[in-house]
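**Student:** For reference, the sequence and a predicted model appear below.
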Amino acid sequence: MEHKLYAVDDVVKMIEKGDLLALAGDERILSRLPKGNWIAGTIPYFMDKDRGKFDTEHIFVNKLADASDSFRIRSFNETGVENFLDDAFDNGFSFIIIPAFSQVHKEYALKANYLPRLYDNPVVGWVSGVDLNSTDTPKTFNGNEGKAHEDHAVVVHVQLPPEKIAQVEIVNIFSPDENSPEIEFFTDSFEVINCLIDGEEKNFAQFLKENNVDTKLPIIADYTGAHINVSIREVDDELEMVSFYAPVFAGKTYRLSKPVGNYVKKFEVQTLNLGDEDTFTCNCVLNYLYGELENKKIPHVTGPVTFGEIAYKLLNQTLVRLSIVDLNQ
Amino acid sequence: MNGNYSINRPEWRQLLNGELNVNLKNFFFQMKVTQLREMIKDNRIPMEVAVEELYTLTQKFSKAKYMDEDLKAIFEPAQSSSSSASHPTETKNSHHPMGFVIPGQKKETPQITPVDPAASHSQTDKSINKEKPEHEDINAKIAKIREETERQLRMLEQKRLELEQKLAREGLAPQQSTDKPVSGISSKKGPSATSGATLKNTASQRSPKKTVNRQALAEKERQALLRKKRLAEQKKKKKSFWKRFFGW
């Protein structure tokens, strides 16, 4: 089954077949779907088969498993973050959708990395969002219950047979600037006031302003070779406070990012060896906006354009991809 | 892949204590190593348990993209520089199809002691009996590792309390000792407050730049954030009041 935008009637037929589906679309259209084996999040931005597009009439579909496979659909709020993997299978993956700016979003971002079972199997998903020109609220849907939530994440744990494993990859077109100072923060937080710049205490908002830092670029931390972005949401000059789309962590060293130039070309180069065989891919709305990806095509990349990407932990400005590996091949 | 990646190889420990700095490529491996390094640094997991957990999960995901390359980057330079006599028994162990050595019960290297010899044994049995799904053994092993971790953490916590009591009796109570417990592996507390002391120590040891009291700075930052968030909230309320009543 192709991963792309489908008309509502087609999605209804797929739901009736019983397959496990991950859906993305506008709230009004998702509300029309019947109960079934699906989870969904709200978003009107997509990388479709042919190009990046804004669409409130169609639904993006990723088939996660056949009707005959074993899976468990669950919803949880911020109090359930610590235990959300309790129902996961020994071998498989967990696919999660979290509503943006909710308490569960915040809790997940701050706590996920400390969950003991987080890395036993891939945990992949995205943060639901809204049309940036609307007053809508990001939502998630649990298809089993036929309910929409503003404050609950939905997760489906999928079992894989012993001869298969799930794997997660990321594509980050940003890289740390070797001339950047080392930036360290004091607490795990979505907002910061002060930080250490090359070991010296400074106000981070002032530092960004004084150095004309392009706030469309993320700050980047190194996780044993993985570049993990944290994107700047707002610099409040009056309060001298900076907020982010994901938390920064105490004890990590961050660097400013090198400028990217042409986003499409960067993605084209970095997604060359991904292949077409994905189960799910998503990309960040900031890449879509800053890289002007509307009406542009990136080979091998289709999926919702999201308010945050999840590859175990919450990521920003990153493409996330889930695929299944057959151990016998 | 013909590597020999026995759990007894010192590189596992070196990778986790940061002695061995390899830029890994597999995303799971990168994130798991980072998580374990942080947990070891914060005394939230003993090194032996971390090695066991990493080894077991790496075995599970050994066919994932870039894993082969990563393992080679970790083990092959060491393999070429060290003689095969340094791991004499490893050649006798059963080999995982992906180059892992299924550890035997006899431990040759004292620094890494597999948590549960029975689990190791069942792993060996599994490699003989190919009909048994590989993941059953691996997941059973992971569960055992967790149980053992929790047991060891309880012991560590007990030791910490005893030490604190001893210090208190001698009038040498550690500064803000309650702020840095040896929390369990299941503890969800991040390193924000708790890693302060550790960070302070490591930073002051490693960085010649300047000594900063990170714990104090973290507390100052938390207080400042509370104040500023209150101000931001007031600002927002004010804005929506004018907007509601006057449209601006």
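**Tutor:** On my side now, so go ahead. Quick caveat, the model's predicted, so the values are computed rather than measured.
**Student:** roughly how far apart are residue A:43 and residue A:272?
**Tutor:** Using Cβ to Cβ, to the nearest Å, residue A:43 is found at 26 Å from residue A:272. C-beta coordinates here come from the backbone N, C-alpha and C atoms, glycine included.
**Student:** And these two? Which one has more around it.
**Tutor:** Neighbours per residue (other Cβ atoms under 10 Å in any protein chain shown) separate residue A:43 from residue A:272, with residue A:43 holding more: 30 against 10.
**Student:** Quick check: the more buried one vs residue A:139, distance?
**Tutor:** From residue A:43 to residue A:139 the distance is 10 Å (Cβ to Cβ).
**Student:** do the same with residue A:117
**Tutor:** From residue A:117 across to residue A:139, the span is 27 Å (Cβ to Cβ).
**Student:** Which helix or which strand is home to residue B:51?
**Tutor:** Using DSSP states H and E, residue B:51 maps to helix B:47-60.
**Student:** neighbour count winner among residue A:117 and residue A:139?
**Tutor:** Between residue A:117 and residue A:139, counted using other Cβ under 10 Å, residue A:139 has the larger neighbour count: 26 against 16.
**Student:** List the contacts of that one.
**Tutor:** By Cβ atoms under 8 Å, 6 or more residues apart in numbering or on different chains, residue A:139 lies in contact with A:27, A:30, A:41, A:42, A:99, A:128, A:148, A:149, A:150.
**Student:** For the fourth one, give me phi and psi.
**Tutor:** If I follow you right, that is residue A:42. Dihedral pair for residue A:42: phi -90, psi 140, per degrees, to the nearest 10.
**Student:** sorry, back to before: overlap in contacts of residue A:43 and residue A:139?
**Tutor:** residue A:128.
**Student:** For residue 142, what are phi and psi?
**Tutor:** You didn't say which chain, so I picked chain A. Here is the backbone geometry of residue A:142 (degrees, to the nearest 10): phi -100, psi 110.
**Student:** So which elements touch the helix or strand of chain A with the lowest mean pLDDT?
**Tutor:** Among the helices and strands of chain A, helix A:263-270 carries the lowest confidence by mean pLDDT, DSSP states H and E, at a mean of 92. Counting contacts by 3 or more Cβ pairs under 8 Å, 6 or more residues apart in numbering or on different chains; DSSP states H and E, helix A:263-270 packs against helix A:285-290.
**Student:** what packs against whatever helix or strand comes next after the helix it packs on?
**Tutor:** Using DSSP H and E, the helix or strand that follows helix A:285-290 towards the C-terminus is strand A:303-306. Contacts defined by 3+ Cβ pairs under 8 Å, 6+ apart place strand A:303-306 against strand A:45-47, strand A:59-65, strand A:123-128, strand A:280-284, helix A:285-290.
**Student:** quick check: angle from the longest helix seen in chain B to helix B:47-60?
**Tutor:** Across chain B, the helix with the greatest residue count (assigned by DSSP state H) is helix B:134-169. Using axes from the mean of the first three to the mean of the last three Cα atoms, to 10 degrees, one finds that helix B:134-169 and helix B:47-60 are set 160 degrees apart in direction.
**Student:** Please identify the buried residues of helix B:134-169?
**Tutor:** B:134-135, B:137-142, B:144-146, B:148-149, B:152-153, B:156, B:160, B:164 (16 or more other Cβ atoms under 10 Å in any protein chain shown).
**Student:** quick one: low-confidence parts of chain B?
**Tutor:** Flagging of chain B using pLDDT under 70 yields the residue ranges B:1-3, B:77-137, B:165, B:167-210, B:239-248.
**Student:** and residue A:267, how many neighbours does it have?
**Tutor:** Residues near residue A:267, counting by other Cβ under 10 Å, number 24.
**Student:** ok, now how distant is it from chain B?
**Tutor:** Taking Cβ to the nearest Cβ, to the nearest Å as the measure, residue A:267 falls 17 Å from chain B.
**Student:** Could you double-check that that residue lies in contact with residue A:317?
**Tutor:** No: counting by Cβ atoms under 8 Å, residue A:267 stays clear of residue A:317, with 11.6 Å between them.
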